[in-house]
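Chemist: give me coordinates for this.
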Amino acid sequence: MKKSRTLVSAATLAGICVIGASLTGFASLDAAEVNAADAVAAIQGVAPESLSDLAAVSRDSDTAAAATVEGGRVEVPVDPADGLSLGNSVQIGLPFAQQASDATDSQLPGVVAYDNKNGSTTVPLIKADGAVQINTVIDNASAPKRYDYPIDVPDWASLTQDANGTVAIVEADGSPLRVLGEAWAKDADGEAVPTHYEVRGNTLTQVVDFTDHTAFPVVAGHLEERMHPHPGLDRRRTGVQPTHWRSRLVRDWCNRCGGYLAKL
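Modeler: Okay, the predicted model is just below:
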């Protein structure tokens, strides 16, 4: 079996905290915090751009991280069973939410993690531009390969997938509310791991095809982008404010799926 690459891990961070504890009085990391810090370290090791340009967040007793960004408010819950709230219209459920731990701080401000208790950890990220990136950190070959995201969409919208594998939440006329970039995954050496989406009804599944020879941990994820609508769109239905069409993902989707931009 190929050995995992050594990353800057939470064990190291924990050691730093122990030293800091003797100087400042703070406690060292517990097991859940170590897992959360390890997950973020894995992301930093192979996809550091994911941790850049994060939104400033707030929190309360039910919300682990929340940010008001362009287009609305994004909320990451303490209880994973509550799902991510994206503006006024879309709710995204998290994988293994019924068995996962509550959100745990990762030592990176505004970033929390859910231990799925099966060798995987979910790390949602709120970006300053309103995009949301949901990462899965897979520790070993015994972890699941399928990660389900049940998506609660408005009655007048649906989840769909184009021939290139890109997934979007669209209105009846095909105009996108939100577009999810193509699935990606990297092993601990930064090499691509085969992965793809499957869509069944309103459930999006990311399948990660690692093997016993994969270098772990694997980081898998997708970037979900809010659509930036033309001023002529009906805001009463979308729940978002008009801005410019500036998202590459949204532009690509529209160009492939009937040229919706041309109709504006």
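Chemist: chain center to stretch 205-216, what's the gap?
Modeler: Relative to its parent chain, stretch 205-216 has a centroid offset of 18 Å by C-alpha atoms, centre = their mean, to the nearest Å.
Chemist: okay, buried residues for that stretch please.
Modeler: Of the residues in stretch 205-216, 205-208, 210, 214-216 count as buried by neighbour count, 16 or more other C-beta atoms under 10 Å. Backbone N, C-alpha and C define where each C-beta goes, glycine included.
Chemist: can you pull up the most central residue in the protein?
Modeler: For the chain, the residue nearest the mean C-alpha position is residue 134 (0.8 Å; C-alpha atoms, centre = their mean).
Chemist: residues contacting it?
Modeler: When contacts are counted by C-beta atoms under 8 Å, 6 or more residues apart in numbering, residue 134 touches 84, 92, 94, 122-125, 149, 221-222, 224.
Chemist: neighbour-wise, which one of those residues leads?
Modeler: residue 224 (28 neighbours; other C-beta atoms under 10 Å).
Chemist: around the closest residue to residue 178 other than its chain neighbours, count how many other residues there are.
Modeler: Excluding the flanking residues, the one nearest residue 178 by C-beta to C-beta, 6 or more residues apart in numbering is residue 169, at 4.6 Å. Neighbour count of residue 169, defined by other C-beta under 10 Å: 25.
Chemist: next helix or strand past the host helix or strand of residue 169?
Modeler: If you go by DSSP states H and E, residue 169 is part of strand 167-171. Of the helices and strands lying after strand 167-171 in sequence (DSSP H and E), the nearest is strand 176-180.
Chemist: sorry, back to before: what average pLDDT does the strand holding residue 169 get?
Modeler: Per-residue pLDDT over strand 167-171 has a mean of 89.
Chemist: elements contacting that strand?
Modeler: strand 157-161, strand 176-180 (3 or more C-beta pairs under 8 Å, 6 or more residues apart in numbering; DSSP states H and E).
Chemist: just say helix, strand or coil for residue 42.
Modeler: Assigned with DSSP: H, G, I helix; E, B strand; the rest coil, residue 42 falls in the helix class.
Chemist: which members of the buried residues of stretch 205-216 are the farthest-apart pair?
Modeler: Greatest spacing in the buried residues of stretch 205-216, by C-beta to C-beta: 205 and 215 (23.7 Å).
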